[in-house]
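Peer 1: Output the structure for:
(chains A and B)
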Amino acid sequence: MALLDMSDIHGGYGGANILNGVSIAIEANEIGVIVGPNGAGKSTTLKALFGLVTVSQGKVTFDGRDITNKAPEALVREGLSFVPQEFNVFPTLSVEENLEMGAFIRRDDFRPLIDKVYGFFPPLKDKRRQPAGELSGGQRQMVAMGRALMTEPKLLLLDEPTAGLSPRYMGEIFERIIEINAAGVGILMVEQNARQALALAHRGFVLAGGQNRFTASGAELLADPEVAKSFLGGGE
Amino acid sequence: MEAGLLAALPVQELVFFINRGLLAGLIIGSVYALGAVGVTLIFGILRFAHFAHGDMMTIGAFVALICVALFPGGGSILGLPAAFVLMPVAMVVTALLAIGVDRTFYAPLRRAKVRPVVIVMSSIGVMLMMQGLVRLFAGTGTWQLEAGGAKTIYRLPLLGRDIILTQPQALLIGFTAVAAIALHLFLTRSRMGKAMRAVSDNPDLARVSGISIDSVVRATWVIAGALAAAGGTLLALDVTLKPDLAFNIILPIFAAAIVGGIGQPYGAIAGGMLVGFTETFAVFNWSVLLRPLAPLLPDFVEIPNRIAFVPTEYKIVVPFFILIVVLIWRPTGIFKGRVVK
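Peer 2: This next block holds a predicted model:
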């Protein structure tokens, strides 16, 4: 049974729907990647899943439970974690305080977990006392992902984790995503850098106009000439 | 020899400056700081200017008055004013009242997602309501928080003159210092304090992180309400308790919060002190300090009896003057507060 199953989701910010029947399903410990042109509803899909956009039709189940339209606070306790694309750190809090806030719902000793996050993102350890707002874009993204990992989620939702990053950091973030996934965390991410992202995806979803256009493994999508021509740009 | 040296020192003027300048500034600055911390925390977390804050201070003082009436002997045990010993009760009651006001008036508006200015307007409504309630039950006269007996006065001799501080003033300064340290430890060490800073930084991300916004809002009102009650009670102990006790100082309190950087608790304390000292020095009679120089000056220079930057009646304009000067130099306040959108 799938860890996450969104079937035929419709929804939006009130008024016209942005999502007109999106279906996403991924198994535990998989990497799912959502790609598609601007305005396809990629980010909206993540937000609908995380209770930030109202689902008007369709059903979302996570780990066997119906989580349709549950509030974000509740979903964090269910084992979901969300990293927004922008404004994803607490700028005046130190790096370590950002991680502690990720663990707000935990009442146990999360010290070992902070060390684990520093293991994934070594640059953060040296900057632990520095306000997160003073870090570079790539390091801020690391803080944001580290914060989201502090609940030990079953599924980590990433909204364009490499947006605005230099190619060097982009590669580094993708590497970390693979490592985090190898440590047993499922990943569902929206990406503009479709080729690189699909290359590491177990499942790829190409959205357009708020609907699935193609759904297959990452490798299959990359090999599909029609997908390459219409959505990956450049072509081969 | 030594006596001659002492006589040459303008001790009288120096002590006058300490009593009427430094200490007076510190006293009123402490009251402003206690109010401004609440205003700035509420703004940081809830994003609106809480105009009813001054009257929350007044109500806190009246709660203390009721406590004193119920337990008249409450103070004699420790040799301190009963109102001070019973102040924690007033702080708790005012904190609960603040939570109640939030639940009844502000929370429904937040849920309806109104613009912040609508909540500001409702806080003015709450302010008028509080003023009406106080006058309904306590009338418009003045009350003495310290029942009977004169205030204990501390005298610290300095070269033959006394630095004078009344007991309520000493308690006010001491309490403010302790509260500032406690607030600092709370905000930097405790889970809830850090969560408050996180919500103030980025409320959406706080929600996404699973931080309970409701409990942060509650903690904010507890701190703001408790400090307001303490500020009101200590101010009423220093002067007298009347229904417009703290409404009269809501403008300098807002000036202090803005000057310090809105949303910044340390800024509010610094801003309170800055406004308090500037206000005091603006109306201070500087001619006293010039008098010792009289023998050195040529005969035709006469030192006037009163030299002040601002006549006492215009004291209320000083906070606005500081506000303008500081905001020209630093548009978001001393501690870089948030930009009000």
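Peer 1: Give me the residues contacting stretch B:107-116.
Peer 2: In this structure, residues lying in contact with stretch B:107-116 by CB atoms under 8 Å, 6 or more residues apart in numbering or on different chains are B:46, B:47, B:48, B:118, B:119, B:122, B:217. Backbone N, C-alpha and C define where each C-beta goes, glycine included.
Peer 1: Among those residues, name the ones in strands.
Peer 2: Taking DSSP state E, every one of these sits outside strands.
Peer 1: Is it possible to get a markdown table of those that adds distance to chain A?
Peer 2: Below are these laid out as a markdown table (distance: CB to the nearest CB, whole Å):
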| residue | distance to chain A |
| --- | --- |
| B:46 | 17 |
| B:47 | 15 |
| B:48 | 20 |
| B:118 | 20 |
| B:119 | 22 |
| B:122 | 25 |
| B:217 | 13 |
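Peer 1: Which one (most neighbours) among those residues?
Peer 2: Using other CB atoms under 10 Å in any protein chain shown as the neighbour criterion, residue B:46 leads these with 23 neighbours.
Peer 1: so that one makes contact with residue B:218?
Peer 2: No: if you go by CB atoms under 8 Å, residue B:46 and residue B:218 don't touch, sitting 11.5 Å apart.
Peer 1: what's the nearest residue to whichever residue of chain A sits closest to chain B if we skip its chain neighbours?
Peer 2: Nearest residue of chain A to chain B: residue A:76, at 3.4 Å (CB to the nearest CB). Of all residues not flanking residue A:76 in the chain, residue B:210 sits nearest, at 3.4 Å (CB to CB, 6 or more residues apart in numbering or on different chains).
Peer 1: Now the one you found: phi and psi?
Peer 2: Per-residue torsions, residue B:210: phi 90, psi 10 (degrees, to the nearest 10).
Peer 1: circling back: can you pull the contacts of the residue of chain A closest to chain B?
Peer 2: Listed by CB under 8 Å, 6+ apart, the contact set of residue A:76 reads A:105, A:151, A:153, B:208, B:209, B:210.
Peer 1: Let me know how buried the third one is, in neighbour terms.
Peer 2: What it means is residue A:153. So residue A:153, with other CB under 10 Å, has 20 neighbours.
Peer 1: quick one, what contacts the residue lying closest to it once chain neighbours are set aside?
Peer 2: Using CB to CB, 6+ apart and skipping the chain neighbours, the partner closest in space to residue A:153 is residue A:81 (3.7 Å). Under the criterion of CB under 8 Å, 6+ apart, the neighbours of residue A:81 are A:102, A:148, A:149, A:151, A:153, A:155, A:156, A:157.
Peer 1: which parts of the strand or helix carrying residue A:10 are buried?
Peer 2: Using DSSP states H and E, residue A:10 falls within strand A:4-12. By neighbour count on 16 or more other CB atoms under 10 Å in any protein chain shown, the buried set for strand A:4-12 is A:4, A:5, A:6, A:9, A:10, A:11, A:12.
Peer 1: circling back: I'd like the next helix or strand past the helix or strand where the residue of chain A closest to chain B lies.
Peer 2: Secondary structure assigned from DSSP H and E places residue A:76 in helix A:72-78. Toward the C-terminus, helix A:72-78 is succeeded by strand A:80-83 as the next helix or strand (DSSP H and E).
Peer 1: chain center to the helix or strand following that next one, what's the gap?
Peer 2: Counting by DSSP H and E, the next helix or strand C-terminal to strand A:80-83 is helix A:95-102. Computed by CA atoms, centre = their mean, to the nearest Å, the chain-centroid distance of helix A:95-102 equals 19 Å.
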